[in-house]
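A.B. asks: Sequence unavailable; structure follows:
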């Protein structure tokens, strides 16, 4: 067996294992949750949250697709560097205010890319949203990312602090990592989107330090979370996940039905 064939076999087996893990977590989740009744999109608002060192433009194509399909969207920006508690509070104060100011809105969905998903988890762990609909996480490091731990060794301390500040520690892995104190997703209806693509040298370096399959930033097993209701994988790099039309269509499918369209994957 040559190297290319071995890699394909390993990739297939790893994906198969991930699918078994995901299915087990989904089966546990289905016992406590119900699909929501159908509502017109004009009665639904989405709080959309970008990831670390990014801005609202990073998820602008998701915003456009959702708006084109009739949803109200609050694309909320936040600045990397601070602690997650005030970041989450500010994001949701603004997002909920926008959605609740629209008189027709009866349901509020949450979508987070990367660290945006952790901001959602933190808020839902400490607050109740009566109008909560579905939650979608895209490339969220629910069990942390080793790349976050390694970042401080790739640049000077001053530069590291200037770029990431306090925020990056919430992405660390380890026994005392932030994700270990957050509850799972059993309290809300969640769809998780993950990637497997590598576009840059940094992506390939991450593949060397993180065993298994990843999107260049977050591994498949880290994207998974106990209590999720559905899980889908795309062959895209971490930052490209927000820019692909087929990913956008799966988000809409989940918001409409509580399920991804698995038979439509290329």
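C.D. replies: Ah, there it is. A quick note: this is a predicted structure, and the numbers were derived from the prediction, not measured.

A.B. asks: so residue 67 sits right up against residue 75, yeah?
C.D. replies: No: using CB atoms under 8 Å, residue 67 is not in contact with residue 75; the gap is 9.5 Å. No exception for glycine: its C-beta is placed from N, CA and C like everyone else's.

A.B. asks: Between those two, which is the more surrounded one?
C.D. replies: A side-by-side neighbour count of residue 67 and residue 75, using other CB atoms under 10 Å, places residue 75 first with 23 against 14.

A.B. asks: does the more buried one sit in a helix or strand, and which one?
C.D. replies: Applying DSSP states H and E as the criterion places residue 75 in strand 72-76.

A.B. asks: Just after that strand, pick out the following helix or strand.
C.D. replies: According to DSSP H and E, the helix or strand after strand 72-76 is helix 84-100.

A.B. asks: other SSEs contacting that next one?
C.D. replies: Under the contact definition 3 or more CB pairs under 8 Å, 6 or more residues apart in numbering; DSSP states H and E, helix 84-100 sits against strand 44-49, strand 72-76, helix 115-126.

A.B. asks: and the angle for the second one with helix 84-100?
C.D. replies: Think strand 72-76. Angle, strand 72-76 to helix 84-100, by axes from the mean of the first three to the mean of the last three CA atoms, to 10 degrees: 160 degrees.

A.B. asks: Sketch out the strands for the stretch 101-250 of the chain, chain order is fine.
C.D. replies: For the stretch 101-250 of the chain, the strands defined by DSSP state E, counting those that start in this stretch cover 107-113, 132-138, 189-195, 230-234.

A.B. asks: confidence score at the nearest residue to residue 257 once chain neighbours are set aside?
C.D. replies: Nearest residue to residue 257 in three dimensions, chain neighbours excluded: residue 35, at 7.0 Å (CB to CB, 6 or more residues apart in numbering). As predicted, residue 35 sits at a pLDDT of 92.

A.B. asks: likewise residue 25?
C.D. replies: For residue 25, the model assigns a pLDDT of 53.

A.B. asks: what's the answer for residue 175, then?
C.D. replies: For residue 175, pLDDT reads 78.

A.B. asks: neighbours around it, how many?
C.D. replies: If you count neighbours by other CB under 10 Å, residue 175 ends up with 5.

A.B. asks: Outside of stretch 154-174 itself, list whatever touches it.
C.D. replies: Contact with stretch 154-174 is made by 52-53, 80-84, 87, 115, 118, 141, 143-146, 148-149, 151-152, 178-179, as judged by CB atoms under 8 Å, 6 or more residues apart in numbering.

A.B. asks: Number of residues surrounding residue 172?
C.D. replies: Each residue near residue 172 was counted by other CB under 10 Å, and the total is 17.
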